[in-house]
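**Q** Prediction below, plus the sequence it came from.
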Amino acid sequence: MPNLKWNHPKTVELKEYLLTGRTRTEAFLERYMAALNIPDRLAEAMRYSLFAGGKRVRPALAIAGFEACGGVGDAVLPLCAALEMIHTYSLIHDDLPAMDNDDFRRGKPTSHKVFGEAVAILAGDALLTQAFEILSDGREMAGVDPARVTAVIAEVARGAGSAGMVGGQTIDIMSEGMEIEAALLEELHSRKTGALIRASVVSGALLAGGTPEQIAALRRYGSNVGLAFQIADDILDVTATAEELGKSTSDEARGKKTWPAMHGLETARTMAAKLSADAVTVLEPFGNAAWPLRAIAEYIVARKN
Ligand code: GRG
């Protein structure tokens, strides 16, 4: 596994890159949310989870995919905001009593603990719907070829929907407490976590007008990084403290199958490192324009939360 430390020069560069992406995404989200005419309690619940201190990995991947294919400027920000809204909706719903029944997320009480189940469900619904409104709002991506915007919307919908994240979550819920095969665990994680991560980098590339070869390469990158992200999450679930993770119950304790439980901790680490290394290999034709994608692939398996 790459041994990146936060004071290493390469990670300092990535840290700045992530911070810039995060600042731009949050400024866009603030502006967009402020202009919405919605009931106060709903806005409060949406904002509570949207601005709870997430790492903003998916926006960073979208920006990095966009830039790797020659994209410049702010046209990518609506995509970043939409991805973060979809991700936030998934976490709110995942924490509900009917799903994982979690009390803490990102170190704060979960949405339903603060707002009650009904408003938490509605905040999730609103964030998901709002994401697609942003993507289809012509004013936000003025000047971008509409065919590219349509391709982006389809890519994000596939990553978030029943073939992607929602499908993976369903397999997860249905297999809780059961013995499952390694292949099903991989499918579950590739859909539940990997699909939106892959859609983030691919949709950034589609928005920039990437060539079919570039899109295919970034699809492979996204699949590898997406699965590596989930394996790293499972490893952290058993090695990091509740404080570092910002949540209280481990997945293993909840009866979920994890990579370390299935394959052992060391093999899980080796698998994550291999997926990350394979992801970096496909970036060769992009040259230096893909340095953030390389750094993110390494960061994802070295992160501490
Ligand atoms: C409810 C449809 C529906 C889907 C939920 C993504 C998901 C599916 C559930 C989350 C369960 C979970 C903790 C999976 C591990 C990987 C993951 C997505 C972690 C959270 O993402 P981060 O680390 O979170 O990017 P932050 O807080 O940094 O935004």
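**A** Everything's here; your move. None of the values given here were measured: they were computed from a predicted structure.
**Q** What residues sit buried inside stretch 220-227?
**A** By 16 or more other Cβ atoms under 10 Å, the buried positions in stretch 220-227 come out as Y221, G222, S223, N224, V225, G226, L227. The way it works is simple: take the backbone N, C-alpha and C, and place the C-beta from them, glycine included.
**Q** Closest to S200 out of those residues?
**A** Among those, G222 lies closest to S200 (Cβ to Cβ), at 7.2 Å.
**Q** Identify the spatial nearest neighbour of that closest one, chain neighbours not counted.
**A** Nearest residue to G222 in three dimensions, chain neighbours excluded: R198, at 3.1 Å (Cβ to Cβ, 6 or more residues apart in numbering).
**Q** That neighbour: what's it in contact with?
**A** By Cβ atoms under 8 Å, 6 or more residues apart in numbering, the contact set of R198 is G159, R219, G222, S223, V225, G226.
**Q** Now the two most distant members of the residues you listed.
**A** Based on Cβ to Cβ, the longest span within those runs between G159 and V225 and measures 13.1 Å.
**Q** So which bits of the stretch 101-250 of the chain are right by the ligand?
**A** R106, M165, V166, Q169, K192, T193, Q230, D233 (Cβ under 6 Å from any ligand atom).
**Q** 5 Å - rerun?
**A** R106, V166, Q169, T193, D233 (Cβ under 5 Å from any ligand atom).
**Q** want to throw those into JSON lines with neighbour count and secondary structure?
**A** Shown next, in JSON lines, are those (neighbours: other Cβ atoms under 10 Å; DSSP: H, G, I helix; E, B strand; the rest coil):
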{"residue": "R106", "neighbour count": "16", "secondary structure": "coil"}
{"residue": "V166", "neighbour count": "16", "secondary structure": "helix"}
{"residue": "Q169", "neighbour count": "20", "secondary structure": "helix"}
{"residue": "T193", "neighbour count": "24", "secondary structure": "helix"}
{"residue": "D233", "neighbour count": "20", "secondary structure": "helix"}
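**Q** Can you name the two of these that sit furthest apart?
**A** Greatest spatial distance among these (Cβ to Cβ): R106 and V166, at 21.5 Å.
**Q** picking that back up, tell me the one of the contacts of R198 nearest the ligand?
**A** Top of the list for closeness to the ligand, among these and by Cβ to the nearest ligand atom, is G226 at 9.5 Å.
**Q** G71 versus the closest residue to that closest one other than its chain neighbours, what's the distance?
**A** Excluding its sequence neighbours, the residue lying closest to G226 (Cβ to Cβ, 6+ apart) is G194, at 2.8 Å. Remark: distance between G194 and G71 (Cβ to Cβ, to the nearest Å) = 23 Å.
**Q** Between the two, tell me which one has more neighbours.
**A** G194 (27 against 22; other Cβ atoms under 10 Å).
**Q** Low-confidence stretches in the stretch 151-300 of the chain?
**A** Counting by pLDDT under 70, the stretch 151-300 of the chain contains low-confidence ranges at 241-255.
**Q** can you give me the helices in it?
**A** 165-174, 182-189, 195-207, 212-239, 242-245, 259-263, 265-281, 291-302 (DSSP state H, counting those that start in this stretch).
**Q** just checking, which of the ones you listed sits deepest inside the structure?
**A** Greatest average neighbour count among the helices of the stretch 151-300 of the chain goes to helix 195-207 (a mean of 29), per mean count of other Cβ atoms under 10 Å.
**Q** Quick check, the residue in this protein closest to the ligand?
**A** G54 (2.8 Å).
**Q** Let me see the contact set for that residue.
**A** Applying Cβ under 8 Å, 6+ apart, the residues near G54 are E84, H87, T88, R106.
**Q** So what's the residue count around the third one?
**A** Just to be clear, that refers to T88. 26.
**Q** got it, and the second one?
**A** Applying other Cβ under 10 Å, we find 23 other residues in the vicinity of H87.
**Q** Verify the contact between it and L61 for me.
**A** No: counting by Cβ atoms under 8 Å, L61 is not a contact partner of H87; they are 11.2 Å apart.
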